[in-house]
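A.B. asks: When you get a sec, could you give me coordinates for this:
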Amino acid sequence: MTSPRLQAALDRAAACASGAPRSAPPESSPPERRLRVAIGDPQADLTRFLAILDHHGLLTEQGWLRPEVQLVSVGDHFDWGKAPEREAVAQSALRLVAWLAAHPPDQAVILAGNHDLGRVGELAEFSDATFAEAQREADALYDGDDTDEMRERAFLGRFPQVPTVELVARDFSTFREEQRTWITHLLRERRLRTAYAAGPELLVLHAGVTREDLAAAGVSEEHAADAPRIAAALNGALDAAVDVWKGGRLIVPQLHHPGSADYGEGRGIFYHRPSLHPDDAERTRVTPRRRFDPRRLPAGLTQVVGHTRDKRSRELLGLPGEVRDGVLRHLVTDGERIAYAHGTPAKLGSREAALIFTDGGMGHARVEAYELLDLDTRMAAQPR
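C.D. replies: Have a look, this model is predicted:
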């Protein structure tokens, strides 16, 4: 049953998404955000997303976040569901982004994921009409690993903006031009961020960074556990790219490069997944990339990330165990060994690095079982 708070939030979101893109300015005297939580990839229906917030007691009767709440959304606000749901999913995702942006910047922190930047990357040159044309062809052609290679090459010859037919048929399947308009606005207004420093050595971002990525962003080894310095460098790199961006594909040098038929799949820190898979060994040595060796994580730094669910994490790390959606997970490494488990990690040693995974497969987990991360206790947030 939909609560009055949930219904009010749904109504607010619909109103926020109507008309031209807009975002709330900073408050002159913001209240103390005593409850700071991070939520994993919101690739699920808006009602489910807001129901999770409501279950945790984070919504007001008017349909906004409670004044004392800060919410950090770790990115990937678009693309999920099956083909018949695409129109509803496109609308739902846009309303979510608009609702988040209607909160002050310090209250709703919107982090970029690869699906968000895909709107100004792989999809930057599509109109609704040309994307619909490409998608009709992609739907008829895409068959997972059995997709006909010759026909795919012909498809990419007609649509060289994308690296695979799968991207159009499945990965970025709910694209609409108005989404790109909103993402462009949020980038230019500095509302769509790369990273957020939640503590001196606690960094929140979509997919994680290694020591090599920090070097590419201009962060020295001396400051490799300094979350505020790292967040400033990563956000500065995005802002510098946006400042010289005249439209078309947005590239952040050394950190993010969208995919294309010529370039291959997109690479960089918004695509990252930790991997010890033998086939990824060589690909983890260069930047930008799609996989990274978790033993190269910066010592002393805890990173809160999304992007990868439990099943995929275990596959790439070669680890057995029970696969669960909805729960927080963690990886800890000392640069040689790694440990991966459900829950959040204990206090790190000076030579250890950690990832806390927040992507619990929101569209697949029960609302009451979906865990949020309390950024102050660094444990699962308790419903209020």
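
A.B. asks: Am I right that Q70 falls within a strand?
C.D. replies: Yes. Under DSSP: H, G, I helix; E, B strand; the rest coil, Q70 falls within a strand.

A.B. asks: Check the secondary structure at the residue lying closest to it once chain neighbours are set aside for me.
C.D. replies: In space, and not counting its chain neighbours, Q70 is closest to R33: 3.7 Å by C-beta to C-beta, 6 or more residues apart in numbering. Just so you know, the C-beta spots here come from the backbone N, C-alpha and C atoms, and that holds for glycine as well. Classification of R33 by three-state DSSP places it in coil.

A.B. asks: ok, now the one 3 residues further on?
C.D. replies: Per three-state DSSP, the local secondary structure of R36 is strand.

A.B. asks: pretty sure it contacts Q70?
C.D. replies: Yes. Between R36 and Q70 there is a contact under C-beta atoms under 8 Å: 4.4 Å.

A.B. asks: shared neighbours of the two, anything?
C.D. replies: L375 (C-beta atoms under 8 Å, 6 or more residues apart in numbering).

A.B. asks: The residue lying closest to K311 once chain neighbours are set aside: neighbouring residues, count only.
C.D. replies: Counting by C-beta to C-beta, 6+ apart, V323 is the residue found nearest to K311 once chain neighbours are left out, at 4.7 Å. Using other C-beta atoms under 10 Å, V323 has 14 neighbouring residues.

A.B. asks: pretty sure V323 is touching R314, no?
C.D. replies: Yes. Counting by C-beta under 8 Å, R314 is a contact partner of V323 at 6.5 Å.

A.B. asks: how many neighbours does the residue nearest to E371 when sequence neighbours are not counted have?
C.D. replies: Nearest residue to E371 in three dimensions, chain neighbours excluded: A380, at 4.3 Å (C-beta to C-beta, 6+ apart). Number of residues near A380 (other C-beta under 10 Å) recorded here: 15.

A.B. asks: swap in L94?
C.D. replies: L94 has 24 neighbours, counted by other C-beta under 10 Å.

A.B. asks: Please report how far it lies from V304.
C.D. replies: Counting by C-beta to C-beta, to the nearest Å, the gap from L94 to V304 is 25 Å.

A.B. asks: Kindly report the same for R95.
C.D. replies: Following C-beta to C-beta, the distance that separates R95 from V304 is 25 Å.

A.B. asks: So for these two, which residue has more residues nearby?
C.D. replies: Comparing R95 with V304 by other C-beta under 10 Å, the one with more neighbours is V304, at 30 against 22.

A.B. asks: which residues does that one bridge with?
C.D. replies: For V304, the residues forming beta bridges with it (DSSP bridges) are V204, I356.

A.B. asks: Touching, it and V204? I think so.
C.D. replies: Yes. Between V304 and V204 there is a contact under C-beta under 8 Å: 4.3 Å.

A.B. asks: and for these two, which residues touch both?
C.D. replies: Between them, V304 and V204 share these contacting residues under C-beta under 8 Å, 6+ apart: 38, 72, 74, 198, 375.

A.B. asks: picking that back up, let me see the contact set for the residue nearest to E371.
C.D. replies: Applying C-beta under 8 Å, 6+ apart, the residues near A380 are 327-328, 343-344, 371-374.

A.B. asks: Export these as CSV, with columns for pLDDT.
C.D. replies: Shown next, in CSV, are the contacts of A380 (pLDDT from 0 to 100):
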residue, pLDDT
V327, 97
L328, 98
G343, 97
T344, 97
E371, 98
L372, 98
L373, 98
D374, 98
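
A.B. asks: Any of the residues you listed buried? List them.
C.D. replies: Using 16 or more other C-beta atoms under 10 Å as the burial test, the contacts of A380 include 327-328, 344, 371-374 as buried.

A.B. asks: List the residues that contact the most centrally placed residue in the chain.
C.D. replies: When the chain is reduced to its mean C-alpha position, the closest residue under C-alpha atoms, centre = their mean turns out to be G75, at 2.4 Å. Residues counted as contacts of G75 (C-beta under 8 Å, 6+ apart) are 41, 111-116, 205-207, 270, 306-307.

A.B. asks: can we see that at 10 Å?
C.D. replies: The neighbours of G75, taking C-beta atoms under 10 Å, 6 or more residues apart in numbering as the test, are 40-43, 110-117, 192-194, 204-207, 270, 305-307, 359.

A.B. asks: can you check R188 too?
C.D. replies: Counting by C-beta under 10 Å, 6+ apart, R188 makes contact with 21, 239, 242-243, 245.

A.B. asks: per-residue pLDDT, it?
C.D. replies: Looking at R188, its pLDDT stands at 98.

A.B. asks: what separates it from A241, distance-wise?
C.D. replies: 12 Å.

A.B. asks: now swap in D145 and tell me
C.D. replies: According to C-beta to C-beta, D145 stands 34 Å off from A241.

A.B. asks: Next: G268.
C.D. replies: For G268, the distance to A241 - C-beta to C-beta - is 11 Å.

A.B. asks: hey, what's in contact with both of these two?
C.D. replies: 251-253, 255-256.

A.B. asks: Need the phi and psi values for R312.
C.D. replies: Dihedral pair for R312: phi -70, psi -40, per degrees, to the nearest 10.
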